[in-house]
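Novice: Model the following, please.
(one chain, ligands or ions: 2)
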Amino acid sequence: MNGNLLNETIERIKPLDEKAMQEAANHLDRLTKPKGSLGKLENLAVQLAGITGKVKPSFPKRAVIVMAGDHGVVEEGVTAYPPEVTPQMVLNFLAGGATVNVLSRQAGADVLCVDIGVNADLSHPQLISRKVRKGTANMAKGPAMTRTEVEQAILVGIETVKDCASKGYTLFVTGEMGIGNTTPSAAIVSAFTGLSPIETVGRGTGIDDAILKHKVEVVQQALDVNKPDFNDPIDVLAKVGGLEIAGLVGVILGAASRRCPVVIDGFISSAAALVAKHMSKEAVHYMIGSHFSQEQGHKLVIGELGISPMLHMDMRVGEGTGGVLSLHLVDAICRIMSEMATFESAGVSDRE
Ligand SMILES: Cc1cc2ncn([C@H]3O[C@H](COP(=O)(O)O)[C@@H](O)[C@H]3O)c2cc1C
Ligand SMILES: O=C(O)c1cccnc1
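Specialist: Ligands and ions are numbered 1, 2, ... in the order given. Prediction:
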């Protein structure tokens with residue numbers, strides 16, 4: 001039953017609207033500026049037209065979906081902060097005090113926090129409680145979770161987007177919270193690309209050289225013990241993934257199936273995006289690149305995805321922060337498409 005909704009969602013992801021893309025490109029060329037001079041913003045305008053079918057789209061209701069989950073692999077000592085920070089930060093999101101809350105208020109986005117796998121009992125009127133299990137198992141010793149749990153977590157993402165869509169949200173940003181989650185993210189990237197953990201593992205919240213070396217070994221061990229099958233994305237997630245990462249896969253697929261843009265945040269979100277790409281090649285066209293995270297492996301995943309982040313801010317927060325920050329650029333191009341004068345309307349001479 002679960003598998004059906006996932007398959008239906010994947011089947012509903014269709015190619016971009018080529019006609020709308022051509023119209024957007026033509027409109028950009030009629031605006032009072034040198035042709036092509038808005039650079040990446042022009043590419044974004046064409047992509048948004050392809051996604052929505054509209055040359056002049058706008059996204060008044062936008063949500064950053066923060067999936068929160070814990071990781072058994074933290075017992076290997078791979079992160080700088082204690083795991084209790086995950087539930088503590090969930091309460092911080094709900095109180096409006098985290099980085100993503102502040103940036104979202106500025107960008108007019110709503111922060112929706114989903115407990116998909118926090119290793120604590122949480123309850124709050126604004127919390128979306130969809131716990132699949134209390135944290136993953138330690139992937140250095142065996143699979144992080146079962147295939148069924150992965151499928152449940154992906155469905156949580158798909159259903160969260162569905163609920164949002166029914167409330168009028170038309171644009172999504174991927175966000176996450178989960179102490180330790182740069183470790184499974186690196187393992188996922190290595191599993192799909194074949195790259196050594198030396199290249200995919202980074203410092204996460206800020207570990208020193210000794211812990212970094214150990215983290216590389218832990219990721220290698222997780223790959224050796226589990227042997228994830230890169231032809232089977234569910235297998236990769238079950239063996240070396242995370243609940244919030246699987247939830248974000250669902251968010252991305254769900255958004256793409258509804259022809260909604262989905263802004264991809266940093267390293268962890270990009271690992272989820274890589275899984276989504278392996279489930280649906282078409283899904284990648286609905287992804288908006290936001291920023292280059294400082295996390296070492298991020299550039300590699302961006303290259304694999306073939307998306308084009310806009311911001312170089314040396315950020316390494318996660319939570320959806322880089323995604324939300326880039327909404328200002330999404331809004332900028334939307335206003336340009338709808339408000340700017342054309343050569344004809346302004347009486348400005350076009351090139352010969
Ligand atoms: C206070 C605090 C707030 C955060 N918000 C996001 N993260 C980020 O850091 C974690 C990943 O890094 P690692 O794999 O090294 O644990 C994730 O929770 C990610 O969202 C945070 C981390 C901390 C400590
Ligand atoms: O790029 C990210 O998403 C990231 C990097 C480090 C720590 N937390 C998140």
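Novice: make it CA atoms for all contacts and neighbour counts henceforth
Specialist: OK.
Novice: which residues sit against the lengthiest helix in the chain?
Specialist: Counting residues, the longest helix in the chain under DSSP state H turns out to be helix 147-166. Residues lying outside helix 147-166 but in contact with it, judged by Cα atoms under 8 Å, 6 or more residues apart in numbering, are 2-3, 5-6, 116, 130, 132-133, 234-235, 237-238, 243-244, 246-255.
Novice: and Asp331, how many neighbours?
Specialist: By other Cα atoms under 10 Å, 16 other residues sit near Asp331.
Novice: So which bits of this protein are right by ligand 2?
Specialist: Applying Cα under 6 Å from any ligand atom, we find that the chain lies next to ligand 2 at Gly204, Thr205, Gly266, Phe267, Ile268, Ser293, Glu295, Arg316, Val317, Gly318.
Novice: So the spatially closest residue to the third one that is not a sequence neighbour: helix, strand or coil?
Specialist: On the basis of Cα to Cα, 6 or more residues apart in numbering, the spatially nearest residue to Gly266 that is not a chain neighbour turns out to be Ser293, at 5.3 Å. Here Ser293 is coil, with the state taken from DSSP: H, G, I helix; E, B strand; the rest coil.
Novice: For the closest residue to ligand 1 within the stretch 1-150 of the chain, which non-adjacent residue is spatially closest?
Specialist: Nearest residue of the stretch 1-150 of the chain to ligand 1 (Cα to the nearest ligand atom) works out as Thr79 at 4.3 Å. The shortest distance from Thr79 to any non-neighbouring residue, by Cα to Cα, 6+ apart, is to Gly180 (5.6 Å).
Novice: Now for the one you found: which residues touch it?
Specialist: Gly180 touches Asp70, His71, Val73, Val74, Val78, Thr79, Pro83, counting by Cα under 8 Å, 6+ apart.
Novice: just Ala186 next, same as before
Specialist: Listed by Cα under 8 Å, 6+ apart, the contact partners of Ala186 are Pro197, Thr200, Val201, Gly202, Val219, Ala271, Gly297.
Novice: Determine the number of other residues adjacent to the closest residue in space to the last one that isn't next to it in sequence.
Specialist: The spatial neighbour of Gly297 that comes closest, neighbours along the chain excluded (Cα to Cα, 6+ apart), is Thr200 at 4.3 Å. In terms of burial, Thr200 registers 26 neighbours under the definition other Cα under 10 Å.
Novice: Next one, pLDDT for Thr200 please.
Specialist: For Thr200, the model assigns a pLDDT of 98.
Novice: Kindly provide the distance from it to Glu295.
Specialist: Distance, Thr200 to Glu295, by Cα to Cα, to the nearest Å: 9 Å.
Novice: Columns secondary structure and distance to Phe172 on top of the contacts of Ala186, output as TSV?
Specialist: Shown next, in TSV, are the contacts of Ala186 (DSSP: H, G, I helix; E, B strand; the rest coil; distance: Cα to Cα, whole Å):
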residue	secondary structure	distance to Phe172
Pro197	helix	30
Thr200	helix	26
Val201	coil	27
Gly202	coil	26
Val219	helix	30
Ala271	helix	17
Gly297	coil	24
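Novice: mind listing the strands for the stretch 201-350 of the chain?
Specialist: 262-264, 287-289 (DSSP state E, counting those that start in this stretch).
Novice: What parts of the stretch 1-150 of the chain come near ligand 1?
Specialist: So far as Cα under 6 Å from any ligand atom goes, the stretch 1-150 of the chain lies against ligand 1 at Thr79, Ala80, Tyr81.
Novice: Please repeat the previous calculation with a cut-off of 8 Å.
Specialist: Counting by Cα under 8 Å from any ligand atom, the stretch 1-150 of the chain comes close to ligand 1 at Val78, Thr79, Ala80, Tyr81, Pro82, Val85, Thr86, Met89, Ala98, Thr99.
Novice: Is it possible to get these out as JSON lines so that each row also shows pLDDT?
Specialist: Listed next are these as JSON lines, based on pLDDT from 0 to 100:
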{"residue": "Val78", "pLDDT": "98"}
{"residue": "Thr79", "pLDDT": "98"}
{"residue": "Ala80", "pLDDT": "98"}
{"residue": "Tyr81", "pLDDT": "98"}
{"residue": "Pro82", "pLDDT": "98"}
{"residue": "Val85", "pLDDT": "98"}
{"residue": "Thr86", "pLDDT": "99"}
{"residue": "Met89", "pLDDT": "99"}
{"residue": "Ala98", "pLDDT": "99"}
{"residue": "Thr99", "pLDDT": "99"}
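Novice: Dump those into CSV; add neighbour count, secondary structure and distance to Pro143 as well.
Specialist: Shown next, in CSV, are these (neighbours: other Cα atoms under 10 Å; DSSP: H, G, I helix; E, B strand; the rest coil; distance: Cα to Cα, whole Å):
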residue, neighbour count, secondary structure, distance to Pro143
Val78, 26, coil, 17
Thr79, 24, coil, 20
Ala80, 16, coil, 23
Tyr81, 15, coil, 23
Pro82, 12, coil, 22
Val85, 15, helix, 24
Thr86, 22, helix, 21
Met89, 18, helix, 26
Ala98, 17, coil, 32
Thr99, 15, helix, 32
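Novice: For ligand 2, what is the nearest residue in the stretch 101-250 of the chain?
Specialist: For the stretch 101-250 of the chain, Cα to the nearest ligand atom, closest residue to ligand 2: Gly204, 3.9 Å.
Novice: For that residue, give me its contacts.
Specialist: Thr79, Thr182, Glu295, Arg316.
Novice: Ala49: which of those is nearest?
Specialist: Using Cα to Cα, Arg316 is the member of these that sits closest to Ala49, with 30.2 Å.
Novice: Sweet, I'm off.
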